[in-house]
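Student: turn this into a model:
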Amino acid sequence: MVAIASFFWSCTSVKNIGYFQDLEPGVAEQMAAPPEIKVRPNDKISIVVNSKDAQLSNLFNLPIVSHRIGVASDQSLNRNAQQVSGYTVDTYGEIDFPVVGKVRVAGLTRSEIAVHIKHTLITEDLVKDPVVTVEFMNLSFSVLGEVNNPGRFYIDHDRITLLEAIGMAGDLTIYGKRNAVYLLREEGSVQVPYRVDLTSARELYASPAFYLQQNDVVYVEPNTVRARHSTVNGNNVRSTSFWLSLASLAATITMLFVRLK
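Tutor: Okay, here's the model as predicted:
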């Protein structure tokens, strides 16, 4: 009885564990066009201007940023980089750039901001042949639920996928629903939920949630096994452990009756 119960439980659960179950070797899957992350109000960015005339270009650099920018290449260093001075985008989507004054950056990507700043410096004859570098400073997303290392993670490049986010969180636990991964996204003044099925590559690649944006929240729903374990000792009438315990008790009582006879 115990072996039969364990066999049926394993058969019904294994099929829900694998990712990308509809993938076929050699068959290409269509992916949505990858959007780049665009800066929003309250985001923090760093902007560094370099040129042949270092003394002149330093007029456009915040003191600490010019020495620290570009150092962070992994997660731990990127956390330290959050202490570096930078430009916080105001509610109007602008930053106050040295000498130039107010510059609108909201709705632009990193590369677009760099091009805009460079064009302004050249057209206003402020710096010749400037090289402008723009980096994210406080952009992040969160991963919650049935993952091995839930938490908040920083975005350090333009395109980060849901799979990368899950990987950074240590992958789903065995109790996470592969077909019930939710992404909560701020769109204007509302929060929009998306549901993603990781067992289907087609659905995942076509989803607007495949590429993450700043402030996204990823939540992995627990499966029924985890829900059963959430009861006291996990022993309710629906749990496997309940039936195993009941079978063990029945075997013990049977042995006692046999010995009494």
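
Student: show me where the stretch 1-150 of the chain has helices.
Tutor: Counting by DSSP state H, counting those that start in this stretch, the stretch 1-150 of the chain has helices at residues 2-14, 54-57, 65-68, 75-81, 110-123.

Student: residue 132 and residue 50: what is the separation?
Tutor: According to Cβ to Cβ, to the nearest Å, residue 132 and residue 50 sit 8 Å apart. Heads up, the C-betas are built off the backbone N, CA and C, glycines and all.

Student: those two - which one has more neighbours?
Tutor: Legend: neighbour count by other Cβ atoms under 10 Å for residue 132 and residue 50, higher for residue 132 (22 against 17).

Student: beta partners for the more buried one?
Tutor: residue 49 (DSSP bridges).

Student: doesn't residue 122 make contact with it?
Tutor: No - assessed by Cβ atoms under 8 Å, residue 132 is found out of contact with residue 122, at 10.3 Å.

Student: number of nearby residues for residue 111?
Tutor: Residue 111 has 12 nearby residues by other Cβ under 10 Å.

Student: report pLDDT for it.
Tutor: In this model, residue 111 is scored at 94, pLDDT.

Student: distance-wise, check it relative to residue 63.
Tutor: In this view, residue 111 and residue 63 are 25 Å apart by Cβ to Cβ.

Student: what of residue 141?
Tutor: 30 Å.

Student: now swap in residue 106 and tell me
Tutor: For residue 106, the distance to residue 63 - Cβ to Cβ - is 25 Å.

Student: also residue 118?
Tutor: Distance, residue 118 to residue 63, using Cβ to Cβ: 21 Å.

Student: out of those two, which sits in the more crowded spot?
Tutor: Under the criterion of other Cβ under 10 Å, the comparison of residue 118 against residue 63 puts residue 118 first, with 16 against 8.

Student: do I have it right that the more buried one meets residue 134?
Tutor: No - with contact defined as Cβ under 8 Å, residue 118 does not reach residue 134; the gap is 10.2 Å.

Student: around residue 32, count how many other residues there are.
Tutor: 13.

Student: and the pLDDT for it?
Tutor: 72.

Student: residues touching it, list them.
Tutor: Contacts for residue 32 (Cβ atoms under 8 Å, 6 or more residues apart in numbering) come out as 205-208, 210-211.
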